[in-house]
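>>> need a structure here:
(4 chains)
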There are 2 protein chains.
Amino acid sequence: MSLPNALLALLVVEPMTGYDLHKQFESSVGHVWHAPDSQIYPALKRMEAEGLLEGEDIPWGPRGKKRQYHVTAAGRAAFRNWMNTPLEYARTRDPAHLKAAYLEWAEPDAARRQLRAHIEHHAGLLEQWRDTVREIEDGTSTMLNRRLAHTPDADQEKTRAYKLFTYEGLMSQAEAEIAWARRGLKLVDRLNP
Amino acid sequence: MSLPNALLALLVVEPMTGYDLHKQFESSVGHVWHAPDSQIYPALKRMEAEGLLEGEDIPWGPRGKKRQYHVTAAGRAAFRNWMNTPLEYARTRDPAHLKAAYLEWAEPDAARRQLRAHIEHHAGLLEQWRDTVREIEDGTSTMLNRRLAHTPDADQEKTRAYKLFTYEGLMSQAEAEIAWARRGLKLVDRLNP
DNA sequence: CGTCACTAACTATGTCGATAGGTAGTTATC
DNA sequence: GATAACTACCTATCGACATAGTTAGTGACG
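Sure, this is the predicted structure:
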């Protein structure tokens, strides 16, 4: 359900090819929703069949061509509709906390390694997001600027503010994970003197 | 990869039937890893074929029978091995933050509704986990007590401590989500005077 | 004796998603 | 002009998961 809408979110800004979208999914949107190209190409076809998108072959080099998709009125309506529809929350599936619940089965050193890996993983994300926030604030985010170029002036502040809001949320998630894993390290030390 | 290990985590405590496990997945383990029975029964068969489990038919009533599974030495080793192996982190797929990033497309009231739903969802979880933590601390958690009954005295404190640690982690996740969504509500108000 | 909730187990279908390939054209660079 | 890196697109397979059913026995209650 989310993938078509993630694609729409990018395509309402400007027409793109599957390959362009696949690259965006490795950066910007990929921060909150990852998808491999093997999912993107079939999804675009399905969405075209459903009338959400229209594709057009445009030449690329002397012999090559590429298929560029743009959003139809129906697609725009579907996206707006999704944005106005409340989410259904999926039940939890959290391998890190699953393992944490049975950590007495791990060697103390293995437990420490995994908690440290948890910290590093989320510290990496945190750094990435801090950079993104800085770019949004500086106005040096190419992703956001492209989007703002297609946004009426009145809505520019909203667009910027919600982007910032999203990344700040991701940052507090990461911070919570890091703080938790640090407490875990102390706990492992206390239980294995 | 996680489902078989979640099943092992329960079965190393005591033998159970598929139905018992399915019930556990609606409470205890289900808090961190959800699975429907349609996944559990085939998984048990596969795990028996792989030698991780052994099943035995035990009578139930005058004509009925049920299949109870216990963990083999190989299963115990596999679980311990998994517990000692670092996690591979899957890339993010977070519909709530995906939608947040494009919230300017939603009607202000729809945005507010969704942020409130986000708060309620995580407040519900928070309450549930607070109860669980209280039960663990009080010693009234049947789940934990059953597990402790099969645990050598020396490891009882670890078992209890890691359970608490896990639920405290879930609680701080939920708290972070709630705080974030509350900031979101204020933001929607500020942007839509 | 009926019926209703529960225990027990399983199947079938469809989508989602990860992983791993493959083909073909283009552009840069050495 | 060779070749490497990149653009563009696509397929095939496998397991994960959701959803929705089916079948059958048990035990309690009225």
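
>>> Same question for the lengthiest helix in chain A: list its buried residues.
Longest helix of chain A, by residue count under DSSP state H: helix A:153-191. For helix A:153-191, burial by neighbour count (16 or more other C-beta atoms under 10 Å in any protein chain shown) applies to A:158-174, A:176-178, A:180-181, A:184, A:187-188, A:191. Backbone N, C-alpha and C define where each C-beta goes, glycine included.

>>> Also near chain B: which of the residues you listed, exactly?
Near chain B, judged by C-beta under 8 Å from any C-beta of the partner chain, the entries from those are A:158-159, A:161-163, A:165-166, A:168-170, A:172-173, A:176-177, A:180, A:184, A:187, A:191.

>>> what about the residue at the greatest distance from the centre of chain A, is that helix, strand or coil?
Going by C-alpha atoms, centre = their mean, the residue of chain A most distant from its centre is A:Pro193, 41.2 Å out. Per DSSP: H, G, I helix; E, B strand; the rest coil, the secondary structure class of A:Pro193 is coil.

>>> and the gap between it and chain B?
12 Å (C-beta to the nearest C-beta, to the nearest Å).

>>> Phi, psi for A:Thr140 please.
Backbone torsions for A:Thr140, taken as degrees, to the nearest 10, come to phi -100, psi 10.

>>> likewise the one 4 residues further on?
Note on A:Leu144: backbone dihedrals following degrees, to the nearest 10 are phi -70, psi -40.

>>> so what's it scoring on pLDDT?
Model confidence at A:Leu144, given as pLDDT, is 89.

>>> tell me what the lowest-mean-pLDDT helix or strand in chain A is packed against?
Every helix and strand of chain A was ranked by mean pLDDT, DSSP states H and E. The lowest is helix A:142-149, at a mean of 87. Judged by 3 or more C-beta pairs under 8 Å, 6 or more residues apart in numbering or on different chains; DSSP states H and E, the packing partners of helix A:142-149 are helix A:153-191.

>>> 10 Å - rerun?
Using 3 or more C-beta pairs under 10 Å, 6 or more residues apart in numbering or on different chains; DSSP states H and E, the elements in contact with helix A:142-149 are helix A:2-11, helix A:108-138, helix A:153-191.

>>> any idea how far the helix or strand just after the first one is from the chain center?
As assigned by DSSP states H and E, the chain's next helix or strand after helix A:2-11 is strand A:16-17. Between the centre of strand A:16-17 and the centre of its chain there are 18 Å (C-alpha atoms, centre = their mean, to the nearest Å).

>>> ok, strand A:16-17: who's next to it in the sheet?
Strand A:16-17 has the following strand partners under DSSP bridges: strand A:64-71 (antiparallel).

>>> Identify the residues contacting the partner strand?
By C-beta atoms under 10 Å, 6 or more residues apart in numbering or on different chains, the residues outside strand A:64-71 that reach it are A:7-21, A:41, A:44-45, A:47-48, A:52-60, A:75, A:77-79.

>>> now it, how far from the chain's geometric center?
What separates the centre of strand A:64-71 from the centre of its chain is 23 Å, taken as C-alpha atoms, centre = their mean.

>>> Now do the longest helix of chain A: which elements does it pack against?
helix A:95-100, helix A:108-138, helix A:142-149, helix B:95-100, helix B:108-138, helix B:153-191.

>>> and chain A, what are its domains?
As assigned by automatic domain parsing, chain A contains the domains A:2-84, A:95-191.

>>> Pretty sure A:Ala74 sits against A:Glu48.
No: with contacts counted by C-beta atoms under 10 Å, A:Ala74 stays clear of A:Glu48, the gap being 11.2 Å.
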